[in-house]
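# What shape does this take:
(chains A, B and C)
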Amino acid sequence: MSSNNYYDITEWNTGNPYDDIGEVINSIITDIKNRQTSNDVNEGGKPGAVIYIPPGDYHLLTQVVIDISYLKIMGSGHGFTSSSIRFNTSESDWANWHELWPGGSRILVDMSLEDGAEESAGAAFYIARSGDPRISSVEFADFCIDGLHFVDNGSGSHDPENSYLNGKTGIYIASAQDSFRISGMGLVYLEHGVTIYNADALAIHNNFIAECGNCIELRESGQASKITDNLIGAGYRGYSVYAENFGGLLITANNIFPRGKSSVHFTNVVRSSISSNRFHSFYPGMLIMENGCTENLVSSNHLFREREPWAPMQSYNNGLDDLYGLLYISGDNNSIIANHISETIDTQYITPTGATPVIIRVVSGKGNYISGNHIVATTEASKVQEAADASACFSTQVSALLATNGLEVLTVTTVQIEATSQQNTVLDSGTDGQVVIDKMLNAFRATPTPGMAAEGQR
Amino acid sequence: MSSNNYYDITEWNTGNPYDDIGEVINSIITDIKNRQTSNDVNEGGKPGAVIYIPPGDYHLLTQVVIDISYLKIMGSGHGFTSSSIRFNTSESDWANWHELWPGGSRILVDMSLEDGAEESAGAAFYIARSGDPRISSVEFADFCIDGLHFVDNGSGSHDPENSYLNGKTGIYIASAQDSFRISGMGLVYLEHGVTIYNADALAIHNNFIAECGNCIELRESGQASKITDNLIGAGYRGYSVYAENFGGLLITANNIFPRGKSSVHFTNVVRSSISSNRFHSFYPGMLIMENGCTENLVSSNHLFREREPWAPMQSYNNGLDDLYGLLYISGDNNSIIANHISETIDTQYITPTGATPVIIRVVSGKGNYISGNHIVATTEASKVQEAADASACFSTQVSALLATNGLEVLTVTTVQIEATSQQNTVLDSGTDGQVVIDKMLNAFRATPTPGMAAEGQR
Amino acid sequence: MSSNNYYDITEWNTGNPYDDIGEVINSIITDIKNRQTSNDVNEGGKPGAVIYIPPGDYHLLTQVVIDISYLKIMGSGHGFTSSSIRFNTSESDWANWHELWPGGSRILVDMSLEDGAEESAGAAFYIARSGDPRISSVEFADFCIDGLHFVDNGSGSHDPENSYLNGKTGIYIASAQDSFRISGMGLVYLEHGVTIYNADALAIHNNFIAECGNCIELRESGQASKITDNLIGAGYRGYSVYAENFGGLLITANNIFPRGKSSVHFTNVVRSSISSNRFHSFYPGMLIMENGCTENLVSSNHLFREREPWAPMQSYNNGLDDLYGLLYISGDNNSIIANHISETIDTQYITPTGATPVIIRVVSGKGNYISGNHIVATTEASKVQEAADASACFSTQVSALLATNGLEVLTVTTVQIEATSQQNTVLDSGTDGQVVIDKMLNAFRATPTPGMAAEGQR
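Sure, this is the predicted structure:
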């Protein structure tokens, strides 16, 4: 349009973006590579390009394959709407709906997938490059990737649109990369939202990634990245945020809502930080640090777990019981400081029956520091289990959230240090009766109780 | 422009955007609805559109009414400048000014308002839709909404441009909505900046909303939203941020400066989080949680209150006295952890005369946890009260901020637990003499003092 | 393009943007000023304009001079890639590289600089205006400023590309300004990235500013600003973030990686906040608050210091020894709360030899509050010092980060209060043996140790 390096998909000379935006974008990438052949800036260099996707519905039948740096793909609308509410509403009502689908600059991922295909084959955008340097500065901004439908997972489910399975991925980055940005996107009804291997200086910022099987997965290794200021919420069987073998990850300012089998799941993540987020979950294990997670900080977060209030989803959960720990920690020298943790659940829904739920559970490792956390546990208010129509969903959720009057205190173990873990420090995170800990092998100071602390200071 | 779903207001075939941008945008919305009539994606679907506002001064005489999802309205410039400084500068100086008004992609809200009109009638952008689904993914980005003037409030004020009243609202969302985004905007001199009813998954991010009567008001109910990374500052009579009956709100990374009768005001807000913000205020009651606020977290914030240093505004305040509490809390199980709170004021300005100012005040409810807060109180440095010219405003404010040398310690009550509240926990947030609390009904541990704690540990 | 106030540099009638983008932008600014001459909005007013830089390589030979408000300069690609890795890779390998230089909407700063020129003369973008009002709402978004090369600093260095010196600055704002925004930018290989005097309501958000001599410098004075959500990392001799005489600065959600002689350096900064960041450094003095820094909050940050793992940079450091303090504090009433601090270093690399490294060091001032910090110190794992090729750089760094197995505890002083400082409070931030403090002049409570605290409570 305005220059050789600005492409509007609706004006390109090859393919039809409404029929197959993948063919169009791949053709544009080929054009960029044909034009940008020299590293000599005086011959134009290799600055990359921007591909613009105006608002519209674009089918994607062909996977987009990106192997050039400095490519920005941008739209003008994240276009998120809840497909889950729609699919859990009687189809007879749809005729009256204003609109049925997500919108904005929307890519409809409806390529055909072979049975048993590789996960990467189901990606709308596939990024990989070998050799040096690592591929850099690819950016995705302000458009929508819609997986359209979940499907029967082979088990003959009566409920395929709630399976969170369809073999589709929004953005799949297969090779080590540097300084990528994903911002302003809307991702919905994908089995995997964003899957990234070997990230460095990655920024995932201000996106809406929800109603996906998994939302963000950082695999294999990575460093010095940030996941900030997103709205995120996976399905009941997947990760909202997952990272493995990562150092220096910053997760802050996110609002991560249900479901998600976990809100954040770390495996062998070190020297990373989870701070100033709001987490909301329906199951135990909402924050998991396992397999040698070391020297991480979890600070100033608000965590809230309640029972699923929405009828269509009440038959699903992540399979963990209330002894697992709302926060599950395996590793050394982590810090859990200054968080607020709320759990509200009726005793009849606690598993195993009669168990005392565990909030923070340290299963192995040493030197963890758990200080200044406020843990509030109540029995559930009698929540109205309304019919699964669209407007009821919102009001059900809000009324559940607001139902705090007349709650009774629920007995929980605020911190449990397993015998396999020692040399931990637990301060002001539960009264003497709420903390299970070997006080000779770990340092402990109970949260004072009325009348007691006044004495303790004298 | 580049496609049917991209509209540039300066190129549209109906109306003149410079005379009345409202007429132009409404005409565009009508066109979108005329073209997007089918939910069948193969007939084009309902992807919405983007409306682009290039930099320019656009009068708005007709209210924009939005009742379609996936509409993005975007400009290329937030255009904020201080109108307050200008209006408090002698008009005779204006002739020498480089520019007088805000700019960028600027909408001048100058429609005529009837006396006694509904608040919503004064909105530049009015969004409402009944039926299902809730309206989704409307986005406002990177333009300026300028209310132009405040007016005499009927009291014959000598000072109408400082009234913060004009009946105008920037963005008014009347019906329940999902996944809206407001980002990069500049809002100035509106009685209400952004007013939103029944928000879900709302993102208000990286805006400049200041010199408005009220900046952000979340009304009726809402859930799972975020107000992040904004510069905000209301007038002396309104809210910088207000929310009611809300669950799961995340307020983080904001710099909320004066004035604002409060920085954040919550009423019946639950399980929400205020973390890692910087708040600056001129009055008591800078953070208010009332009417059953429950299980909220206030963590890692910096709060600073001083006396108004700028002459033109020194006659105004929010009417609260220093016994009200800089933080006022009514509700159960809230957490106030790891904050820094500074107050500096000369004793002559304390009200009632001779009172000991209260910093954190819990007036009712139980189970609140106040731990690890550092509260610093000093008498005010002798601040130069400079004349109200534009450049003096900045230097006055900065010198007031920097005036920390030679401050004397001011005696304050760091935490006051009223008798109507009990079962609270107060730790390390004030010395024994600074905290007013019934130690038999609440848990208390004083911040140690020199010489004492060393003993206490042995 | 779409209106008089939208300019595309590739379509302008004067100059050639590929040869000298500076000449083109200055010509556009002249055109804006020629057209926007009246403050009367009915004559068009002074709304400013947007200048668009499509992806491409643009030489800058002429400094851009900005003296109008409401100018937005935007591109479509931050274009960062590591020039440091390339310059530390054998040039013989370059022939096989996919690309050699940064990209996106990229400005190549290659103007000629006189010896001994003023720092401001080396700025690609120079912003200044005298008179009233302060220049407002200039915005820089989504493009790349590349300083191209560092040079011999006159010392006959064998290693000029690692000198971090070239006299070039990306954005230099010389006069007091209001409501500027810098977002989405990529800055690389500049001696100074962003240098700003007398900032008010500044937002530096979501940028990638790295491999610069200094990244962000806020000079002379300033207030009410935010540095949020950036990826930042200066060279070994400069500041990642510097501020002086500032009040109300909010630094949050940043991932600040090495090197940087400091991650954040404050001098006479007051009532400001550093929270929820991730800092990574190779030297002592990673956070410095000096010259009367008062009432600042440092909370919920993750700080990690290790020894430089990358061979080409191991000969450089910031000259500070391990007694200086990883956090160095001089001033009154600051708060250091709820942080995690990790240091890992082999004893052979500690300076002075045999010293016990100091983590938090308060050198002067009174009333500082240091509470609830978790400090972890270990000897270094045997890090593989791989050859300096590009891919090895990433894997070296990641493996260093992940090398936490089998680390031995390193003895450190977690907090040291110098005799020149008193009336400080140190709580739960080190055991009795780890804290150097005069307990009669300061308040102290040791982090409990196993067996001890259980007793202490009774």
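
# now the residue nearest to residue A:66 when sequence neighbours are not counted: how far from chain B?
Nearest residue to residue A:66, sequence neighbours excluded (C-beta to C-beta, 6 or more residues apart in numbering or on different chains): residue A:127, at 4.4 Å. No exception for glycine: its C-beta is placed from N, CA and C like everyone else's. Using C-beta to the nearest C-beta, to the nearest Å, residue A:127 is found at 25 Å from chain B.

# For residue A:34, the count of nearby residues, please.
Using other C-beta atoms under 10 Å in any protein chain shown, residue A:34 has 8 neighbouring residues.

# Quick check: it is in a strand.
No. Read with DSSP: H, G, I helix; E, B strand; the rest coil, residue A:34 is helix and lies in no strand.

# what sits against residue A:410?
A:343-345, A:347, A:357, A:377-379 (C-beta atoms under 8 Å, 6 or more residues apart in numbering or on different chains).

# From one end of stretch A:248-256 to the other, what's the distance?
One end of stretch A:248-256 sits 20 Å from the other (C-alpha to C-alpha, to the nearest Å).

# Would you mind checking the average pLDDT for it?
Here stretch A:248-256 scores 98 as its mean pLDDT.

# ok, is that stretch in contact with chain C or not?
Yes. For stretch A:248-256, a contact with chain C is found by C-beta under 8 Å from any C-beta of the partner chain, at A:248-250, A:252-253.

# Residue numbers of the stretch 151-300 of chain A in contact with chain C?
Contacts of the stretch 151-300 of chain A with chain C, taken as C-beta under 8 Å from any C-beta, map to A:176, A:178-179, A:181, A:183, A:198, A:200-201, A:203, A:205, A:221-226, A:228-229, A:245, A:247-250, A:252-253, A:268, A:270-273, A:275-276, A:292, A:294-297, A:299-300.

# Show the overlap between those residues and what lies near chain B.
Checking these against chain B (C-beta under 8 Å from any C-beta), the matches are A:229, A:252-253, A:275-276, A:299-300.

# Now tabulate the residues you listed in CSV and tack on secondary structure and neighbour count.
Formatted as CSV, these follow (DSSP: H, G, I helix; E, B strand; the rest coil; neighbours: other C-beta atoms under 10 Å in any protein chain shown):
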residue, secondary structure, neighbour count
A:229, coil, 29
A:252, strand, 32
A:253, coil, 31
A:275, strand, 34
A:276, coil, 34
A:299, strand, 37
A:300, coil, 34
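
# how about those residues, which pair is most distant?
Distance extremes for these: the farthest pair is A:229 and A:299 at 17.0 Å, using C-beta to C-beta.

# could you dump stretch A:112-120 to PDB, C-alpha only?
Extracted C-alpha coordinates of stretch A:112-120, given in PDB (Å, rounded to 0.1, in the frame of the first residue of the first chain):
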ATOM      1  CA  SER A 112      -8.600 -30.200   7.700                       C
ATOM      2  CA  LEU A 113      -6.400 -32.200  10.100                       C
ATOM      3  CA  GLU A 114      -5.400 -35.800   9.600                       C
ATOM      4  CA  ASP A 115      -5.900 -38.200  12.400                       C
ATOM      5  CA  GLY A 116      -2.800 -38.500  14.500                       C
ATOM      6  CA  ALA A 117      -1.200 -35.500  12.900                       C
ATOM      7  CA  GLU A 118       1.600 -33.800  14.700                       C
ATOM      8  CA  GLU A 119       0.500 -31.000  17.100                       C
ATOM      9  CA  SER A 120       2.400 -28.500  15.000                       C
END
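
# list the contacts for the residue nearest to residue A:66?
Residues in contact with residue A:127, defined by C-beta under 8 Å, 6+ apart, are A:65-67, A:135, A:138, A:171-175, A:177.

# So residue A:394: helix, strand or coil?
helix.

# tally of neighbours for it?
Neighbours of residue A:394 (other C-beta under 10 Å): 24.

# Look up how far chain C lies from it.
29 Å.

# got it, and residue A:420?
15 Å.

# Tell me how many other residues crowd that residue.
Residue A:420: 11 neighbours (other C-beta under 10 Å).

# Excluding sequence neighbours, find me the nearest residue to residue A:434.
residue A:414 (4.3 Å).

# Alpha carbons only: can I get the strand or helix carrying that neighbour in PDB?
Under the criterion of DSSP states H and E, residue A:414 resides in strand A:413-417. In PDB, the C-alpha atoms belonging to strand A:413-417 read as follows (Å, rounded to 0.1, in the frame of the first residue of the first chain):
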ATOM      1  CA  THR A 413      -4.500 -26.300  56.700                       C
ATOM      2  CA  THR A 414      -3.100 -23.000  55.600                       C
ATOM      3  CA  VAL A 415       0.500 -24.300  55.100                       C
ATOM      4  CA  GLN A 416       1.600 -28.000  55.100                       C
ATOM      5  CA  ILE A 417       5.300 -28.800  55.000                       C
END
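
# Partner strands of it and their direction?
For strand A:413-417, the paired strands and their directions (DSSP bridges) read strand A:358-366 (parallel), strand A:435-436 (parallel).

# from the chain's centre, how far out does it sit?
Taking C-alpha atoms, centre = their mean, to the nearest Å, one finds strand A:413-417 lying 26 Å from the centre of the chain it belongs to.

# How about stretch A:251-265?
5 Å.

# Endpoints of that stretch, how far apart?
OK, stretch A:251-265 end separation, C-alpha to C-alpha: 12 Å.

# And for stretch A:286-305?
Termini of stretch A:286-305 sit 8 Å apart (C-alpha to C-alpha).

# buried set for it?
A:286-290, A:292-305 (16 or more other C-beta atoms under 10 Å in any protein chain shown).

# hmm, back to that, closest to residue B:27 among the contacts of residue A:410?
With C-beta to C-beta as the yardstick, the closest approach to residue B:27 among the contacts of residue A:410 comes from residue A:344, at 49.9 Å.

# correct me, but the closest one touches residue A:401?
No. Residue A:344 lies out of contact with residue A:401 (C-beta atoms under 8 Å); the separation is 9.9 Å.
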